[in-house]
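Undergrad: build me a model:
(chains A and B)
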Amino acid sequence: MASVDLASVSVREANEQIRRLGAEGEDVEVLNSDARHHIGVGLVHPITLRIRGSAGYFCGGLTDGPRIEVDANVGWGLADNMLSGSIVVRGNASAIAGVAIRGPDVVVHGNIGSRAGQVMKEGTLLAGGNASFMAGYMMYGGRLVICGDSGEQLGQDMTGGEIFVGGRIQSLGTDATMTDIEESEVDNLVEFLERYKIPFKGRFQKVINAGKLLRYARSEPRVRVIPFFEASESTGYWNDKVKEDVSIKAQLGRYRIRGYGAARALPHLSDLAFKRDLSMIPPDSGAVERVELATSLGGRVGATPIDLSMPVMIAPMSYGALSKSTKIALAKASALSDICDNTGEGGLSDEVRAAAKRIVFQCLGGRLGWNIHDMQRADGIEIYISQGAKPGLGGQLMAKKVTPEIAEIRGIPAGIDLRSPSRHPDVLGADDLVIKVEEFREATEYMKPVSVKLGAGRVRDDIKIAYKDGFDYTCLDGLQGSTGAASSEVLEFVGIPTLAAIMEALDALEEIGASGMPIVLMGGIKDGLDTAKAIALGAHAVAMGTSAIIAGGCIACLQCHVGHCVVGIATQDPEHEKRYQIDPEALNIHRFLESVRWQLASILNAHNYKNVYELSRSDLVALTPEAAKITRLPYAPEYREAPQRLQVATG
Amino acid sequence: MTKRMCGIAGILYKDGTTPRVLGSDLITMLDGCQHRGPDSTGFALYHEGTENDRLRLRFFVGEGEEGATTLARVKAKMSEFGAEVIEEELIGSTARVMVRFDGDLQEFAYAMEHVAKVVSIGSRLDIVKDIGSAHDVDNGYQIAEFKGSHGLGHVRLATESDVTPDASHPFWATGFADIAIVHNGQITNYWKMRRRLEKRAFEFNTDNDSELIAVYLADKLAQGHTLSEALESSIDDLDGTFSFLVSTQDGIGYAKDRLAAKPMVMYEDGDLVAIASEVVSLNRLFPGEALATSEPTPGTYRTWRRST
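TA: Okay, here's the model as predicted:
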């Protein structure tokens, strides 16, 4: 057995050695572990790792297959997202032990802290002693065994899995219930206890999800298609959209859920104009060749940057909300246009990985589809804090869309009304976030850029934290961003418009003298003109979601949540998905992206700029008092008279 | 309110004859969790054996000429209150002054605060905080040799405009002697609680919720409650996520919110109790030993007194 001494090497160096030794089939002993964070993160070999002392946060996190033994105690997030293998801890574990596990045996001889097994999906988490409050919080599956007593709110908001308690249960959580324990389950438990030599003589009680609260009793009624324009209040107060809302609520007795983003008119990039008259730009096939649009993201702390042929990315949209065919078409289009795709929530499929030249893998609070292997084959890692369409809220995926395949990749029971948690189990402040980011960097050997996605809420504070926490870049998503499903009140009224968000972010970074952290702006970016304006304001790049989807066949009926998308985009029904033609739609999206490139190039040509980052605020004016107030650009209503629409080159 | 993220530490030696050195132990603990807050570091230290009418005051006065001018203003105001200056020192961006004073402390403290930014006031308490790491602050203020029975420490990651020392922790309970707080978390009913205290003529010098906790507890103590009682009621009265440590002339205590959203671990043996955000801070106190650490449960508090 080889040994690694943390008294003489850093955790980063130790993990490199451990990974190398593991790949060679060698077992490793860690000396002077000193409760350091991230010991054994990112292991994908069946190595045996003996930690002679205490370990800190995320011990054995983001792993598949190792057998880890810890002689003393462990900190937060033991076995975070471990896929298989085992961890045995002789002492106690701190908060969220076994968070998001997907198959291993995690055995703690002593006590476990609060929220043990949060969002766990498969495998066994066992405490020989007591569990603190909210054990099994939001668990989706697997087995949580507490030999001693359980604290308050056991099984709070669990949707699947089983909890066995040997001692006293202080209280059950919302929607958890006691049930009878079967003989075979007892036999399995006894076998498990014997295997790990846990002394236990008592009788277990069993707790499962009651299934009363986390189900929508009625699905959303089918409704007729109301065009987006009709859905906005610009068509009158008691318009068709408002009337429909009222009548649907009269049936449901609750809030409405729908797809897309805010329909009301808000100050946006379209309220800005370039001073230069762009309407006179003649069609010019050489426009693109004369300018430099290429850029990269993510070299801030030494990772391999993500190269982009133009400052445009595909916005994160989940596999789950969207069909696999749509995800593949987006990936293909991003490759054809030589830009970067994003997984969104719900994992990275082989087909999407193969189709995308570059793809960012997103990590959300439910850790649905999140795993070490896809982290390692992605080009960048992104932690989602929130999104512009519904900042501060979790996702909703209606049961109709939770097919066996979606359930498989996400690691959850098929056919449940899936709520993604609104926050990360292990990020409750910026100090925790630092440690989380470091875990991602460890797991990917510091090679992948790590970014953060922020829905525009408290932008001023959040962007400073993103900077301080060392993210390579920040994706900032405004209120005009869309989603597959959210309550319509939230879509319309929660969040900060994209234009205000970018201004707050830039002001905040300037306030603390921060430089070098690019912002990727998203939320209602619809063309090259918006892109140019965003960059002129100070964004480094933009990301497009809705416009890419529309380019690829979306008819904007706002019914994404229902699951019957008539064009096969926002559906998991094979009959509906059949209508989606991957290759032609990929080409459509690609052509749209090329139109963005052409518009950008033409705008640069009109200004005699060679590089896209020569665009600046001084090129812009504001067309409305609101936009002028938000951006502090000169208010110039006379520019409303000169329509600036750029004709997209055809052929 | 500025958001804060940080690491906290506290230690109390139960036996007055301990060979351990408070300053050096706190530096060691904070160095262990400096990753939680690289921007500024602070210490609340309690001196031994002071006479009843002596008060220690520390002010932020700025450096060089600015420091000297501000100190002169401070001393002028002190003499109005009949406080006799015994010792004075300009060090780093602070001025340390010891006075003989036996008047109304609250009135005196508020008056001082109106002249210069007070860091701490107490017969034993001395708060030292500045930008930089634990070792940086030690280099500037010679913390490592400080001997005493108990103290607190804090490392902070700042997100406000400038990283300035006055936003760092620990916080003194404005207007009360010898009470200090280090806090990790966020009090969400800050303004409600602050207005409640302001109605009773308490003053606040920052918008920092840690100052609120300090004043809240100090007020309870002044009303005759024990530290345990004050901590117990704080768990009911304060909303939000918090793990905080409080220190008084003769002891320390902790309180942890019911959601346990902020970390806290402790180690206790017959000689000392040490509490920190992370186990690594505790381990550093006993290199090479397997420590039996524990985690305070949600919604709990505890106090320890130094031996007299």
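
Undergrad: show me what residue of the stretch 551-651 of chain A gets nearest to chain B.
TA: At 18.5 Å from chain B, residue A:632 is the closest residue in the stretch 551-651 of chain A, using CB to the nearest CB. Just so you know, the C-beta spots here come from the backbone N, C-alpha and C atoms, and that holds for glycine as well.

Undergrad: neighbours of the nearest residue to that residue once chain neighbours are set aside, how many?
TA: Residue nearest to residue A:632 in three dimensions, not counting chain neighbours: residue A:503, with 7.6 Å by CB to CB, 6 or more residues apart in numbering or on different chains. The number of residues packed near residue A:503 is 19, by other CB atoms under 10 Å in any protein chain shown.

Undergrad: residue A:503 - that's part of a helix, no?
TA: Yes - under the criterion used here (DSSP: H, G, I helix; E, B strand; the rest coil), residue A:503 sits inside a helix.

Undergrad: helix/strand/coil for residue A:144?
TA: strand.

Undergrad: pretty sure it contacts residue A:118?
TA: No - under the criterion of CB atoms under 8 Å, residue A:144 is not in contact with residue A:118, lying 10.2 Å apart.

Undergrad: shared neighbours of these two, which are they?
TA: Counting by CB atoms under 8 Å, 6 or more residues apart in numbering or on different chains, the shared contacts of residue A:144 and residue A:118 are residue A:136.

Undergrad: for residue A:463, what are its contacts?
TA: A:454, A:474, A:476, A:504, A:505, A:508, A:509, A:519.

Undergrad: narrow those residues to those in helices?
TA: Cross-referencing the contacts of residue A:463 against helices under DSSP state H gives A:504, A:505, A:508, A:509.

Undergrad: for chain B, state which of the contacts of residue A:463 is nearest.
TA: residue A:508 (8.7 Å).

Undergrad: residue contacts, the nearest residue to that closest one once chain neighbours are set aside?
TA: Spatially, and ignoring its direct neighbours in sequence, residue A:508 is nearest to residue A:460 (4.4 Å; CB to CB, 6+ apart). Contact partners of residue A:460, counting by CB under 8 Å, 6+ apart, are A:504, A:505, A:507, A:508.

Undergrad: from residue A:430, how far off is the last one?
TA: Read that as residue A:508. Computed as CB to CB, to the nearest Å, the residue A:508 to residue A:430 distance reads 14 Å.

Undergrad: which of the ones in helices among the contacts of residue A:463 has the most neighbours?
TA: That'd be residue A:505 among the ones in helices among the contacts of residue A:463, by other CB under 10 Å, with 26 neighbours.

Undergrad: I figured that one was touching residue A:477, is that so?
TA: No - with contact defined as CB under 8 Å, residue A:505 does not reach residue A:477; the gap is 11.1 Å.

Undergrad: if you look at the helix or strand harbouring residue A:17, does any of it touch chain B?
TA: Using DSSP states H and E, residue A:17 sits within helix A:11-23. No - if you take CB under 8 Å from any CB of the partner chain as the test, helix A:11-23 misses chain B, and the best it gets is 10.8 Å.

Undergrad: so how far is that helix off the chain centroid?
TA: Between the mean C-alpha location of helix A:11-23 and the chain-wide mean there is a distance of 28 Å, by CA atoms, centre = their mean, to the nearest Å.

Undergrad: so residue B:39 sits against residue B:158, correct?
TA: Yes - at 4.3 Å, residue B:39 and residue B:158 qualify as touching, with contact defined as CB under 8 Å.

Undergrad: what's the local residue count around residue B:271?
TA: 12.

Undergrad: phi, psi of the residue sitting furthest away from the middle of chain A?
TA: Seen from the C-alpha centroid of chain A, the residue lying at the greatest distance (CA atoms, centre = their mean) is residue A:201, 43.4 Å away. With angles defined as degrees, to the nearest 10, residue A:201 sits at phi -120, psi -10.

Undergrad: the residue nearest to residue A:82 when sequence neighbours are not counted: helix or strand, and which one exactly?
TA: Leaving aside its sequence neighbours, residue A:82 sits nearest to residue A:104 (CB to CB, 6+ apart; 4.4 Å). For residue A:104, the element it lies in under DSSP H and E is strand A:102-108.
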